[in-house]
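Student: Take this sequence and fold it.
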Amino acid sequence: MPETPWRPNYRKWDWVGPDDGVSLALSYSTVGKGAGAPLHTHEDDELIVILDGVLRVRLGDEVREVGPEHTLVVPARLAHGFTSVGSRDARILGFFPVPDAFERTTYLEGGPAVPHTR
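Tutor: Numbering: from 1, shown residues only. Take a look at the predicted model:
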């Protein structure tokens, strides 16, 4: 499956999305140390499953480090963001109940991903 250009040091593959004729999206990503997603909100719920590595996550006003085998449940419109802080790349799954949540995203810090390949 082709890689989706995303952020520097953040590789992403869309497993299911807008082009698949379904009303949901699932992606797999590797997030290098120091990379991540700036503070933002979505109009839709989001699930982030951490398969490997450690993320420093902000959910609303709470900040914590989260490791493998944890799932973050991010309600719609909750400000959130994360940075990979472990000694190795984080590997995550991202799930949305809509085909393209990024069309309905508001960035509170930084901005949207600028297509970037390795």
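Student: ok, and for the host helix or strand of residue 91, which residues are buried?
Tutor: Taking DSSP states H and E as the definition, one finds residue 91 inside strand 90-96. For strand 90-96, the buried set under the neighbour-count rule, 16 or more other Cβ atoms under 10 Å, comprises 90, 91, 92, 94, 95, 96. Heads up, the C-betas are built off the backbone N, CA and C, glycines and all.
Student: correct me, but the fourth one touches residue 29?
Tutor: Yes: taking Cβ atoms under 8 Å as the definition, residue 94 is a contact partner of residue 29 at 6.6 Å.
Student: circling back: contacts for the strand holding residue 91, please.
Tutor: Applying Cβ atoms under 8 Å, 6 or more residues apart in numbering, the contact partners of strand 90-96 are 24-31, 42, 44-55, 84.
Student: Sheet-wise, list the partners of that strand with their directions.
Tutor: Strand pairing for strand 90-96, using DSSP bridges, gives strand 25-31 (antiparallel), strand 46-52 (antiparallel).
Student: separation between the residue most central in space within the chain and residue 25?
Tutor: Central residue of the chain (Cα atoms, centre = their mean): residue 94, 5.6 Å from the mean position. Using Cβ to Cβ, to the nearest Å, we find residue 94 at a distance of 8 Å from residue 25.
Student: Confidence-wise, which helix or strand of this protein is lowest on average?
Tutor: For the chain, counting by mean pLDDT, DSSP states H and E, strand 4-7 ranks last in confidence among helices and strands (a mean of 85).
Student: In its sheet, which strands sit next to it, and in what direction?
Tutor: Here strand 4-7 is paired, per DSSP bridges, with strand 10-16 (antiparallel).
Student: Only alpha carbons, please: show the strand it pairs with as PDB.
Tutor: The C-alpha atoms that make up strand 10-16 are tabulated as PDB, following Å, rounded to 0.1, in the frame of the first residue of the first chain:
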ATOM      1  CA  TYR A  10       6.100  10.800  10.600                       C
ATOM      2  CA  ARG A  11       5.200   8.100   8.100                       C
ATOM      3  CA  LYS A  12       1.500   7.300   7.400                       C
ATOM      4  CA  TRP A  13      -0.300   4.600   5.400                       C
ATOM      5  CA  ASP A  14      -4.100   4.900   5.000                       C
ATOM      6  CA  TRP A  15      -5.500   1.400   5.200                       C
ATOM      7  CA  VAL A  16      -9.100   2.400   4.700                       C
END
